[in-house]
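**Student:** What would the 3D arrangement of this be:
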Amino acid sequence: MKNPLRELWDRNEIGLNAWLNIGHSFSAEIMANQDFDALTVDCQHGPIDYSSLLPMFQAMRASGKALMARVPWRDPTWIMKFLDAGATGIICPMVNTAEQAEEFVSYLRYPPHGQRSWGPTRALFAHNDYSKDGANDAVLAFAMIETAEAMNNLEAIAKTPHLDALYIGPSDLSLGVSNGALPPKLDREEPEMIEAIKHILGVAHGNGLRAALHCGTPEYAARGVEWGFDLVTVGTDSAILAQGAAATAKKFRDLIA
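**Tutor:** Model prediction:
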């Protein structure tokens, strides 16, 4: 089994990830046809569930991109089922302690490294040479760092065996670091937030992990790359649709005004 994102990192290249929260195979296929390295189906927030995720993965298979999912929670039901559907990476929200990180990772790995149950229904067809050991080596485990508690336990989380990366969710991280004083949004400019972001990056790399940053604009994502992030997420299908539609309508209104 191959993971395109792992192969990209092995070449010391930076990954560009897109975020999908429109639960439809056609829009997913359009996104997969663009110059992204990975695409993540967001099943935590928004309308997507397993019945939407599966045809989205099927529509994107031909792209050869790394297809991942953000699960609703640290729950083996979702994690194992999404992996069986063919996901090559799982992003888990709200990982706050080393114990929670270990629990999350255990759901992704077959024994002896975890407790994943064998039954990779679609994954057997979606990936060549799918096997227990191959899946253990290929599938990527991303722990989202989003809270003050996670920041306090960061070093311990980063030492979790078989964890691959730390993923920064700036909106929730802003709420956690500021104790609710800062509004939740991406592309933070506050010195304390930039310091927190760079600290997570440093701890990840210091423990041999990759680091990923969720961004709102290409410009901020480029800054993330300059800081040293291995994966940046920029571009959400719903936001791209809204921005394109708004720009088209505005141009027409301006032309006839």
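**Student:** going forward, measure contacts between C-alpha atoms and count neighbours the same way
**Tutor:** Noted.
**Student:** And the contacts of stretch 143-151?
**Tutor:** For stretch 143-151, contacts defined as C-alpha atoms under 8 Å, 6 or more residues apart in numbering pick out 91-97, 101, 157, 163, 165-177, 179, 200.
**Student:** which of those residues count as buried?
**Tutor:** Neighbour counting with 16 or more other C-alpha atoms under 10 Å marks 91-97, 101, 157, 163, 165-177, 200 as buried within the contacts of stretch 143-151.
**Student:** Mind checking which of these land in helices?
**Tutor:** Judged by DSSP state H, the buried ones among the contacts of stretch 143-151 include Ala101, Ile157, Pro170, Ser171, Asp172, Leu173, Ser174, Leu175, Gly176, Val177, Ile200 as members of helices.
**Student:** Distance check, the last one against Arg210.
**Tutor:** Just to be clear, that refers to Ile200. Applying C-alpha to C-alpha, to the nearest Å, the value for Ile200 to Arg210 is 10 Å.
**Student:** can you give me the strands in the stretch 1-150 of the chain?
**Tutor:** Here the stretch 1-150 of the chain has its strands, by DSSP state E, counting those that start in this stretch, at 15-20, 38-42, 66-70, 89-92, 140-145.
**Student:** Where do the helices of the stretch 1-150 of the chain begin and end?
**Tutor:** Ranges of helices in the stretch 1-150 of the chain, per DSSP state H, counting those that start in this stretch, are 4-10, 25-32, 50-60, 76-84, 98-108, 123-126, 132-138, 148-152.
**Student:** out of these, which comes closest to Ile194?
**Tutor:** For Ile194, the closest of those is helix 148-152, at 13.5 Å, according to C-alpha to C-alpha.
**Student:** buried stuff in that closest one?
**Tutor:** By 16+ other C-alpha under 10 Å, the buried positions in helix 148-152 come out as Ala148, Ala150, Met151.
**Student:** Keeping just the C-alphas, turn that helix into PDB.
**Tutor:** Output in PDB follows, covering the C-alpha atoms of helix 148-152 (Å, rounded to 0.1, in the frame of the first residue of the first chain):
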ATOM      1  CA  ALA A 148      -4.900  25.000  26.400                       C
ATOM      2  CA  GLU A 149      -4.800  21.500  27.900                       C
ATOM      3  CA  ALA A 150      -3.200  20.100  24.700                       C
ATOM      4  CA  MET A 151      -0.600  22.900  24.900                       C
ATOM      5  CA  ASN A 152       0.200  21.900  28.500                       C
END
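**Student:** coming back round to it: give me the common contacts of Ile200 and Arg210.
**Tutor:** Here Ile200 and Arg210 share the contacting residues Leu166, scored by C-alpha under 8 Å, 6+ apart.
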